[in-house]
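Asks: using only what follows, build the 3D model:
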Amino acid sequence: MTAVVLTVLIQAFVARVYVIPSASMENTLHGCTGCENDRVLVDKLTYGFSDIEPGEVVVFRGPEAWTSTEFRTPRSTNPVAGFVQNIGSLLGIAPANERDFVKRVIALPGQTVMCCDEQHRVVVDGKPLDEPYVHWQAGTSPADHEPFAPIRVPDGRLFVMGDNRMNSTDSRKQGGGGVAGTVPLENVIGKARYIVFPKDRWSVVSDHNPQPLG
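Replies: Next up, the predicted model:
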């Protein structure tokens, strides 16, 4: 029992394992139908000591304007069953019972993001992004990138997108898109660092910075 309590406390305040049930971050994170969903260790401490950087994969609570969820699953009305489900989500053996999302940070507060340039690339502050992590499903290509007008990210907010660009409901669409689709910094739960399950997927989660230096 002590071990369970310690595990719950660690996952509540230090790091937590999340089940990824959504395909919006393919192929970086597996959440596809018919595959074994990834379990990802999310570091809850790092942003207390460092700033969020472009390209980092973060888990966050969905803002009020966001209407769909990625992690929520129906909870039993039976108190005992509901308690077991909640413990399972904390231990990373069931999806979280929260309005939580996992996406990649594309633009920071004060930056202007739009899509697209002539080569169908997302542009931040007038410079095209280098995005090797983007996944194009069969039959799609960068030419299918959905265009959106320039958005200046408000202070204290982030613009986020999924790596599976044709199958991600993110800052481009949530809340009607635009400023309403951005995410408050205080909603960020932590940084996705490691894929910890299944074992053939053990790896560090890519945090390639897509914004050109200089």
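
Asks: please count neighbours and contacts with C-alpha atoms only from this point.
Replies: Will do.

Asks: what is the burial count for residue 113?
Replies: For residue 113, the neighbour count with other C-alpha atoms under 10 Å is 24.

Asks: does residue 143 touch residue 120 like I think?
Replies: Yes. At 5.7 Å, residue 143 and residue 120 qualify as touching, with contact defined as C-alpha atoms under 8 Å.

Asks: check residue 34 and give its pLDDT.
Replies: Predicted confidence (pLDDT) for residue 34: 77.

Asks: got phi/psi on it?
Replies: Dihedral angles of residue 34 (phi, psi; degrees, to the nearest 10) stand at phi 90, psi 0.

Asks: now do residue 48
Replies: Backbone torsions of residue 48, given as degrees, to the nearest 10, read phi -80, psi -10.

Asks: neighbours around it, how many?
Replies: 9.

Asks: ok so, going back, of residue 143 and residue 120, who's got more company?
Replies: Taking other C-alpha under 10 Å, residue 143 and residue 120 do not tie; residue 120 has more neighbours (16 against 12).

Asks: how close does that one sit to residue 190?
Replies: Note on residue 120: its distance to residue 190, by C-alpha to C-alpha, to the nearest Å, is 30 Å.

Asks: now residue 49
Replies: 12 Å.

Asks: mind checking which of the two has more residues around it?
Replies: When residue 49 and residue 190 are compared for neighbours, residue 190 comes out ahead with 23 against 7, by other C-alpha under 10 Å.
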